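Student: 3D, please:
(one chain, ligands or ions: 2)
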Amino acid sequence: MITVRVPAKVNVQLGVGGLRADGFHDLANVFFAVALGDEVTATPGEGVTLSCTGPDAASVPLDDTNLAARAARLLAAHHGIEPGVHLHIAKSIPVAGGMAGGSADGAAALVACDALWGLNTPMDVLLDLAAELGSDVPFALIGGVALGRGRGEILEPLPVTGTFHWVFAVADGGLSTPAVFRECDRLRDEAFVGSADQGAGSGSAATEVPTPDADAALLAALADGDPAALAAALTNDLQPAALSLRPALADTLRAGTDAGAIGALVSGSGPTCAFLAKDAEAAAAIAKALTGSGTCRTAHATYGPVPGAQVQPGV
Ligand SMILES: C[C@](O)(CO)[C@H](O)COP(=O)(O)OP(=O)(O)OC[C@H]1O[C@@H](n2ccc(N)nc2=O)[C@H](O)[C@@H]1O
Ligand SMILES: Nc1ncnc2c1ncn2[C@@H]1O[C@H](COP(=O)(O)OP(=O)(O)OP(=O)(O)O)[C@@H](O)[C@H]1O
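Tutor: Ligands and ions are numbered 1, 2, ... in the order given. Predicted coordinates for the structure are as follows:
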């Protein structure tokens, strides 16, 4: 039996470039791995079977569409073997929450099956398989803090000092990642049509947005371990789209700021909201205030960065 612990992520910068011909967007995506995570346990079995426990377990598909099952099959196919595994997902990461929960389980299943089947697959091969599964999956393998370029799968680990304290406000119900990217494009096209420039280009502003760069002030804040500077530099180009689809998130963001958060943003494609706190004590107080605020289902205090998918010793 192999148990792998895997982190959720928050994007401390999510710069979204133009819509590509393949339907993806080029990103400047600064991933940050947090201690809030899932555990995936692999035991020998026939074929690939799944089970899941946790508050959101009813929303997790237990068929071949589950990213953990897809990961097990992809790894077996890569090595030309028949997969034999039961995967149990102990789920703490909110489902469809913008924290890459499914991607985390995919990464954890790659690592767990690799160990269970004694394959010793090199990390660069695991990263390629992870990128086939989804744009967020490679980061869940490495964890820490990293810049993701391309559609988010081309990773460069970033230097970071110390520990940052976070609070995550979990919403009722999820948001579909493709729907949020589509809304981002729609808002960009709408802004273009309303601008004085209209008529100058092809008429689709969404395809013409240049790919953003990582923000130098944000990278310095991470390297210096400076929460106030990081709070000031947090940005998410998907936030207007998430707020457009779920206007009540503005109340959640305000409730966290009113409770003392030094920074607040929508996590990835949402609807989870992320709050940076000045220390662990402040994070606990903000989580308590948010939980009682009526603007979210629940809130968790946590910290990071933490490593990516890791086999748990002796389990
Ligand atoms: C929003 C983020 O979570 C930020 O880290 C990611 O960009 C999303 O990553 P993910 O959930 O792993 O997404 P994927 O499974 O690769 O893609 C799902 C869908 O999201 C959209 N998508 C995703 C990544 C990207 N760079 N551009 C996109 O437009 C596309 O419509 C794609 O079909
Ligand atoms: N292991 C899994 N855990 C949760 N959802 C999964 C899993 N595998 C597949 N899914 C499907 O993927 C959808 C998105 O789930 P997920 O929790 O990964 O969203 P997310 O955190 O918003 O993703 P991201 O932040 O990467 O955009 C779910 O609604 C579910 O149908």
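
Student: which helix or strand contains residue 140?
Tutor: Per DSSP states H and E: residue 140 is located in helix 137-142.

Student: show me how far that helix is from its chain's centre.
Tutor: Centre-to-centre, helix 137-142 and its host chain are 10 Å apart (Cα atoms, centre = their mean, to the nearest Å).

Student: can I get the helix or strand just after it as CSV, trimmed to CA atoms?
Tutor: Counting by DSSP H and E, the next helix or strand C-terminal to helix 137-142 is strand 145-149. Provided in CSV are the C-alpha atoms of strand 145-149 (Å, rounded to 0.1, in the frame of the first residue of the first chain):
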residue,chain,number,x,y,z
VAL,A,145,6.4,28.0,-5.9
ALA,A,146,6.9,28.0,-9.7
LEU,A,147,6.3,30.0,-12.8
GLY,A,148,4.2,28.2,-15.4
ARG,A,149,4.5,29.4,-19.0
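
Student: residues in contact with the closest residue to residue 169 other than its chain neighbours?
Tutor: Closest residue in space to residue 169, ignoring its immediate chain neighbours: residue 296 at 3.9 Å, by Cβ to Cβ, 6 or more residues apart in numbering. In this view, the C-beta of every residue, glycine as well, is placed from N, C-alpha and C. With contacts defined as Cβ atoms under 8 Å, 6 or more residues apart in numbering, the neighbours of residue 296 are 169-172, 252, 255, 273, 290.

Student: and the gap between the residue nearest to residue 212 when sequence neighbours are not counted and ligand 2?
Tutor: Using Cβ to Cβ, 6+ apart and skipping residues adjacent in sequence, the residue nearest residue 212 is residue 15, 3.0 Å away. Note on residue 15: its distance to ligand 2, by Cβ to the nearest ligand atom, to the nearest Å, is 16 Å.

Student: give me the neighbour count for residue 15.
Tutor: For residue 15, the count of nearby residues is 23 (other Cβ atoms under 10 Å).

Student: cool, residue 63 as well?
Tutor: Residue 63 has 7 neighbours, counted by other Cβ under 10 Å.

Student: that one belongs to a strand?
Tutor: No - counting by DSSP: H, G, I helix; E, B strand; the rest coil, residue 63 falls outside a strand, being coil.

Student: any stretches of the stretch 1-150 of the chain with poor pLDDT?
Tutor: Applying pLDDT under 70 to the stretch 1-150 of the chain flags no residue at all.

Student: quick one on the thing from earlier: what are the phi and psi values for the residue nearest to residue 212?
Tutor: Per-residue torsions, residue 15: phi -90, psi 120 (degrees, to the nearest 10).

Student: measure the residue of the stretch 201-315 of the chain found nearest ligand 2 to ligand 1 for me?
Tutor: Shortest the stretch 201-315 of the chain-to-ligand 2 distance, computed as Cβ to the nearest ligand atom: residue-wise this is residue 268, at 4.3 Å. The gap separating residue 268 from ligand 1 is 4 Å, by Cβ to the nearest ligand atom.
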